[in-house]
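Trainee: Here is my input, please return the structure:
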Amino acid sequence: MKTKTQTNDVGSASDTTQLRAQLAAMHLAYVEQHFEALGHKAAQEQSAHVDYLAQLIDGESCRRENRSIERRIAAARLPVKKTLEQFDWNWPTTINQVQIRHLFRLAFLKEKGNIIFIGNVGLGKSHFATALAHTACLHGHPALFTTAINIINSLSAAQASGGIKREMNKYLKPSILVIDELGYLPIDKFGADCLFQIISARYERSSTIITTNRVFKHWAEIFNNDSALTSALLDRLLHHAETVLIEGKSYRMKDQIDNLKT
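Mentor: Residues are numbered from 1 along each chain as shown. Sure, this is the predicted structure:
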């Protein structure tokens, strides 16, 4: 008496056409693209049905996760892709490498903590802020990268059109908001009030990363010389925060400096 051999092979052409249509309607793109090839492989290897199914589900899960990461990175509006590995640690004269590497564990997100990078231009402040936002996106956290002036300009335009509340919410939702280049250009009272509202609303709810060329004692000059507002803002910002100080000459001048030595 012959025994019936178990098979995981796919069905007829008409069966697979209907199945493809059903998988497409359910947005199971990976399963739709690979069920035949994996089915033939499973049949040849006489794999269990559950192993065949697990391969399809695992592939679909990975596809969806990758799509989610891509969407988060696109929504973050990162100016360029930066990573921790790309940074030249030998260039700054003062930098706490251990502190910065620890930040990339993202523990500050769980604590709703903030990070302030302080230093002159060309020392890696924006590099680290961008890389942290990118790392957060990879680990499932929404982020948004912008500059202080862009925030003010967008809110000013929104106020004129009556949509300032909706525009403000854009800066309150992400797990990480990167505010780049704070202090590089003067800010009027409207701008100072807007930044204060954003930082206050995010206090103990989500994390804010700021890059600036000004030490804290000069921040009143940034915020329209309003010492009361500046004091209240720093009180909220620094309550759960790490300050990263970077010193040295601009990395963008490195080639010119090297040329002078030769």
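Trainee: Residue 229: how many residues sit nearby?
Mentor: 18 (other C-beta atoms under 10 Å). C-betas here are computed from N, CA, C, even on glycine.
Trainee: my read: it touches residue 197, true?
Mentor: No - here residue 229 lies out of contact with residue 197, judged by C-beta atoms under 8 Å, at a distance of 10.4 Å.
Trainee: can you tell me how far the closest residue to residue 138 other than its chain neighbours sits from residue 92?
Mentor: Spatially, and ignoring its direct neighbours in sequence, residue 138 is nearest to residue 69 (5.9 Å; C-beta to C-beta, 6 or more residues apart in numbering). Distance, residue 69 to residue 92, by C-beta to C-beta, to the nearest Å: 30 Å.
Trainee: more crowded one of the two?
Mentor: Shown here are residue 69 and residue 92; by other C-beta under 10 Å, residue 92 has more neighbours (21 against 15).
Trainee: did I read that right, that one in a helix?
Mentor: No - going by DSSP: H, G, I helix; E, B strand; the rest coil, the assignment for residue 92 is coil, not a helix.
Trainee: how about residue 190, phi and psi?
Mentor: Phi and psi for residue 190, reported as degrees, to the nearest 10, are phi -60, psi -50.
Trainee: what about it, how many neighbours?
Mentor: Count around residue 190 with other C-beta under 10 Å applied: 13.
Trainee: what pLDDT does it get?
Mentor: pLDDT for residue 190: 96.
Trainee: For it, list the residues it contacts.
Mentor: 152, 155-156, 159 (C-beta atoms under 8 Å, 6 or more residues apart in numbering).
Trainee: Most neighbours of all these, which one?
Mentor: For the contacts of residue 190, neighbours tallied by other C-beta under 10 Å; top is residue 155, 23 neighbours.
Trainee: how close does that one get to residue 108?
Mentor: 26 Å.
Trainee: pull the longest helix from the chain.
Mentor: helix 49-76 (DSSP state H).
Trainee: on that earlier part again, out of the contacts of residue 190, who's nearest residue 96?
Mentor: The nearest member of the contacts of residue 190 to residue 96, counting by C-beta to C-beta, is residue 152 at 30.9 Å.
Trainee: And for that closest one, nearest residue in space, chain neighbours not counted?
Mentor: Residue 152's closest residue in space is residue 191 (C-beta to C-beta, 6+ apart), at 3.8 Å.
Trainee: same question, residue 62
Mentor: residue 30 (7.6 Å).
Trainee: buried sites along the longest helix of the chain?
Mentor: Within helix 49-76, the residues that count as buried by 16 or more other C-beta atoms under 10 Å are 52, 55-56, 59-60, 63, 72-73, 76.
Trainee: Next: stretch 26-38.
Mentor: Burial within stretch 26-38, assessed by neighbour count using 16+ other C-beta under 10 Å, is assigned to 28, 30-32, 34-35, 38.
Trainee: now stretch 76-87
Mentor: 76, 78, 82, 84, 87.
Trainee: Only C-alpha atoms, please: export it in CSV.
Mentor: Presented in CSV, the C-alpha positions along stretch 76-87 are these (Å, rounded to 0.1, in the frame of the first residue of the first chain):
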residue,chain,number,x,y,z
ALA,A,76,11.4,63.6,10.4
ARG,A,77,12.6,65.9,7.6
LEU,A,78,16.2,65.2,8.3
PRO,A,79,18.5,67.5,6.2
VAL,A,80,20.9,64.7,5.5
LYS,A,81,21.5,61.2,6.9
LYS,A,82,24.0,61.2,9.7
THR,A,83,25.2,58.4,11.9
LEU,A,84,27.3,58.2,15.1
GLU,A,85,29.9,56.1,13.2
GLN,A,86,30.5,58.9,10.7
PHE,A,87,31.8,61.4,13.3
